[in-house]
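[1] can't give you the sequence, but here's the structure:
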């Protein structure tokens, strides 16, 4: 920047500022300002032309007045005139005034743009920098439209000075953030990427920031930046601090650039080229090695810079998740920070180890630090660090240490901060059920949880206990005995009363043989809590009483007296009054057989997704709940085909108010059964009971009576005919879901789109989850499903919002859910496109992804004997009915994985059918509305040549071709 000459000091401005500061009151200040404004206005309107110095001085005064909070409605033209000055100080003040005061809708914007264009074309580096800074500071769409074509030229021009290149790169970055659709790189991409090789590290630093942002939006276009970033990073980390003297910060060479390069590399998977990958591994090892070296300075700036590079390197190692040695070394390095005296380092170490715990390579290494983490939970003063310790214990938990971790969390819960108690309760509940080998331990744990933190135990948690107990015969007696003993405490939390009432109502007969827990004692114990409970709990206890009438006829008269009392029959609450009247009448007129039928034991409940886990994810935000086992399950999932029909005991006593639901395709949402819906005994414990969003995991089985369905589904956007602008990785995304139905469909830095699908015959239902990953609200949020004309006649699509109405605003960290109902009319080739539009940070975001609705989703598996298979195989002998493809294996040829993929594809895997035991055969029927198409397939692997031969025979040529295309991409 040019030196300011002695004569450039503005004495009049200094005097004015001094006068303002010396004012004794607000009124005196306003009086002095008004006097000065009148003087400036007269000078600007006077006949005498002002010289550049005077204009500059008066514009500076106006700027100062504006910064004091007063409105300025004149002087803009004089500021614009300063842009044409050849003196730096005058031009600088002009640009400063424009950056602060000029609105993007100003009538002067055209004059301003002309002044900026003149400076950009001047080739004077000082003037060019001023112009670029002004464009970036204003950042309006009008300026983006005017200059996005010129700035890339300046950035890549060979004769542009380094300081101007830095400004140009940062200016483009600013414009890309405000108007991303107006920054087309295209022809400039390669030349911008090669700025990573520039000799000036300032240019490289600015270019890296720009490339990182652009690569997040268009990763394929900037893929070449990976090798250049690795090369530059290698030169930095292997250099001595004296080699990069101008960019060495407290003995750490170029720490800001190193961090930016490591973040750029996190936009991509591990490099495929062996040389680049090896060089990157060396860089990361060098960074880890340097962390072990003694510090070269005791100043905090040195440790901050060094640790910033280290933590970013560890983030890259975690992101790649492919080098076991690096992951373990990173874990050990973080373990050293767990006992560091610096609170921020302990916090960051715990946070990074949470992510490491979800990697199969480093999970065991993380577990070795369990005692240190438990100690941090007990001794840390900072609540945020304690919360991260809880998160890490949750992440590192598995079957080997579950009981220890749950016990420590329960101990901590008694003294935990109120702000994190609910979250700890959810985590304890999830871990207890997930890793319960002995279900008596699970019951004890949850009851203890209710005792310690009853106010923070949500309904989902106590629903779960009942679910487990009802589905496991071996724990029912123990549960009844345990809750009976727990209820004898003088003060019981209401949630414990709910659990006790439900379990004793179902299984109280299992402990009735003990005189200490006779039927009358059980009833009196529950009824002693009745007057202390809220209305919903009283309603549940009344249902327990009528269950007792069936279980214990000897206390029928006692229960009838309670139901007949005025406090029940004339209760002010309608629900309690109605239950008392109906239950009393039922007990009086029904025979023993009828009572036994109506009040029989609850049937086992269907398996569902964990509503506790869903609640925890909502509380933590998308992507913040690591789960290694769920990740593995997702990789190997094969969930094609329908779920089993749900049996409904429609006559059982209900404990919630019925409501009906709309079901346009007749698929039938699975009812939430009378009280709770535990999983089957052999299934996973992570299932849903009374989930508020039960439609998201509803069964497709048709039901005769939807007693307890979800809230009414409101209509969202109708199916659109507009073509999609750009479809993200279309074929790759579709191939990813060919053999599975659940997973993340699309994710970028703003949004995550998840899918859950179910199919039965020619009908399907897809649950689409839109998660806002940012802390900023999405505005004008809308979605539409686009079908090409050729596709419309083959499948019918209906899109619905799970909420009552479509909310155009999606809060930061929130999730919106929609349902897509699908009907396959005839076989098809293309997939529909999902288009999402919303405004983020003032800019319109438009993204399109292909929905994984493929023909194989409408398979129904068909079991066949060897004789039937080959007889049908010979019948499909017309050349057009067979499609055969020989292709190279893209993945390791694992027999179990191959079987899982064939089953996930939708066909039945037929054992002992093919004479060659290493071959795979399958059979299924494609169901459409118009026709059913039988399909036989044969997959012959050649492990020596790493090749497959896939043969498909169906009765329709187009079906054979499409299925062959889909399945061959999976191996």
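    Structure received. Just so you know, these numbers come straight off a predicted model, no measurement behind them.

[2] could you find the closest non-adjacent residue to residue 62?
    residue 75 (4.6 Å; C-beta to C-beta, 6 or more residues apart in numbering). Where C-beta positions appear, they are placed from N, C-alpha and C, glycine not excepted.

[3] pretty sure that neighbour is in contact with residue 57, am I right?
    No: contact criterion C-beta atoms under 8 Å: residue 75 and residue 57 do not qualify, at 11.7 Å.

[4] so where do the helices sit in the stretch 101-250 of the chain?
    Counting by DSSP state H, counting those that start in this stretch, the stretch 101-250 of the chain has these helices, from start to end: 109-121, 125-138, 141-147, 151-156, 162-178, 189-193, 201-217, 225-237.

[5] which one of those lies nearest to residue 586?
    With C-beta to C-beta as the criterion, residue 586 lies closest to helix 201-217 of the helices of the stretch 101-250 of the chain, at 63.7 Å.

[6] rebuild the helices of the stretch 101-250 of the chain as JSON lines, extending it with distance to residue 298.
    Compiled in JSON lines, the helices of the stretch 101-250 of the chain are given as follows (distance: least, C-beta to C-beta, whole Å):
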{"stretch": "helix 109-121", "distance to residue 298": "47"}
{"stretch": "helix 125-138", "distance to residue 298": "38"}
{"stretch": "helix 141-147", "distance to residue 298": "47"}
{"stretch": "helix 151-156", "distance to residue 298": "41"}
{"stretch": "helix 162-178", "distance to residue 298": "33"}
{"stretch": "helix 189-193", "distance to residue 298": "40"}
{"stretch": "helix 201-217", "distance to residue 298": "26"}
{"stretch": "helix 225-237", "distance to residue 298": "23"}
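
[7] could I get these as JSON lines with mean neighbour count, distance to residue 585 and mean pLDDT?
    Formatted as JSON lines, those follow (neighbours: other C-beta atoms under 10 Å; distance: least, C-beta to C-beta, whole Å; pLDDT from 0 to 100):
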{"stretch": "helix 109-121", "mean neighbour count": "18", "distance to residue 585": "80", "mean pLDDT": "87"}
{"stretch": "helix 125-138", "mean neighbour count": "22", "distance to residue 585": "77", "mean pLDDT": "90"}
{"stretch": "helix 141-147", "mean neighbour count": "19", "distance to residue 585": "71", "mean pLDDT": "85"}
{"stretch": "helix 151-156", "mean neighbour count": "20", "distance to residue 585": "82", "mean pLDDT": "88"}
{"stretch": "helix 162-178", "mean neighbour count": "22", "distance to residue 585": "69", "mean pLDDT": "91"}
{"stretch": "helix 189-193", "mean neighbour count": "18", "distance to residue 585": "79", "mean pLDDT": "88"}
{"stretch": "helix 201-217", "mean neighbour count": "22", "distance to residue 585": "67", "mean pLDDT": "91"}
{"stretch": "helix 225-237", "mean neighbour count": "22", "distance to residue 585": "76", "mean pLDDT": "91"}
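
[8] tell me the secondary structure for residue 745?
    With DSSP: H, G, I helix; E, B strand; the rest coil as the basis, residue 745 sits in strand.

[9] low-confidence ranges, the stretch 451-600 of the chain, go.
    Scanning the stretch 451-600 of the chain for pLDDT under 70 picks out nothing.

[10] go with 80
    454, 458-459 (pLDDT under 80).

[11] quick one, strands of it?
    For the stretch 451-600 of the chain, no strands turn up when DSSP state E, counting those that start in this stretch is the criterion.

[12] let me see the ranges of the helices in it.
    Taking DSSP H, counting those that start in this stretch, the helices of the stretch 451-600 of the chain run over residues 459-471, 476-487, 494-507, 519-530, 535-551, 556-564, 566-569, 574-589, 592-598.

[13] just the angle for the fourth one relative to helix 535-551, thanks.
    Going back to what we said before, that points to helix 519-530. Here the directions of helix 519-530 and helix 535-551 differ by 170 degrees (axes from the mean of the first three to the mean of the last three C-alpha atoms, to 10 degrees).

[14] ok, and what's touching helix 519-530?
    484, 487-488, 492, 497, 500-501, 504, 508, 511-512, 538, 541, 544-545, 548, 551-552, 554-555, 558-559, 562 (C-beta atoms under 8 Å, 6 or more residues apart in numbering).

[15] go again with 10 Å.
    Residues from elsewhere that reach helix 519-530, judged by C-beta atoms under 10 Å, 6 or more residues apart in numbering: 480, 484, 487-488, 492, 494, 496-497, 500-501, 504-505, 508-509, 511-512, 514-515, 517-518, 533, 537-538, 541-542, 544-545, 548, 551-556, 558-559, 562, 567-568.

[16] gap between that helix and the chain center?
    Distance of helix 519-530 from its chain centroid, counting by C-alpha atoms, centre = their mean, to the nearest Å, is 46 Å.

[17] between that helix and helix 494-507, how big is the angle?
    Here helix 519-530 runs at an angle of 150 degrees relative to helix 494-507 (the same axes, to 10 degrees).

[18] may I see the buried residues of helix 519-530?
    Across helix 519-530, burial judged by 16 or more other C-beta atoms under 10 Å covers 519, 521-523, 525-526, 529-530.

[19] pick the one among the residues you listed closest to residue 823.
    Using C-beta to C-beta, the buried residues of helix 519-530 come closest to residue 823 at residue 526, 50.0 Å.

[20] would you mind listing where the stretch 1-150 of the chain has pLDDT under the threshold?
    For the stretch 1-150 of the chain (pLDDT under 80), the answer is 1-9, 46-49, 102-109.

[21] and stretch 571-586, how far out from the chain's middle?
    45 Å.
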